[in-house]
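Undergrad: Here's a sequence, model it:
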Amino acid sequence: MLYSALIIDILESRKYKDRFKIQMIIKESINYLNKQFKSMMAKERMFSGGDENQGLFLNSESAFLYFRKLQLMIFPIKIRGGIGRGGIISMKIGFQPNWTEMLIIKLGKQ
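TA: Below is the predicted model:
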């Protein structure tokens, strides 16, 4: 089965004076969108390191729509994203040293 991975990063996150507040706004928005897109996701979005997060969708259209809605919800915070499509080679869920849950997805051709 093919999946679409969406990776999102906060642009120039180090320039924000209150990075923690920005991260909380994004986290709350992601939690809301995860509920809205639950039926279209193979794995809910979660942070994969620092200001980057990723998730796994059943199709690219859902991944794009999720990204677009997130952009609108958190404006004027700027984000960039990329969508990759393929079969799952490996997927790890672990914890970073600061106890933040992270998700790493590796897609490949099938």
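
Undergrad: For Y66, grab the count of nearby residues.
TA: As a burial measure, Y66 scores 25 neighbours (other CB atoms under 10 Å). Yep, even glycine has a C-beta here, placed from its N, CA and C like the rest.

Undergrad: before we move on, could you check phi and psi at it?
TA: Phi and psi for Y66, reported as degrees, to the nearest 10, are phi -60, psi -50.

Undergrad: again with D18
TA: Dihedral angles for D18 - degrees, to the nearest 10 - are phi -120, psi 80.

Undergrad: could you pull out the strands for this protein?
TA: Here the chain has its strands, by DSSP state E, at 3-10, 41-49, 52-57, 79-95, 101-108.

Undergrad: Could you identify which of the ones you listed has the lowest mean pLDDT?
TA: Between the strands of the chain, the lowest average pLDDT goes to strand 101-108, which shows a mean of 52.
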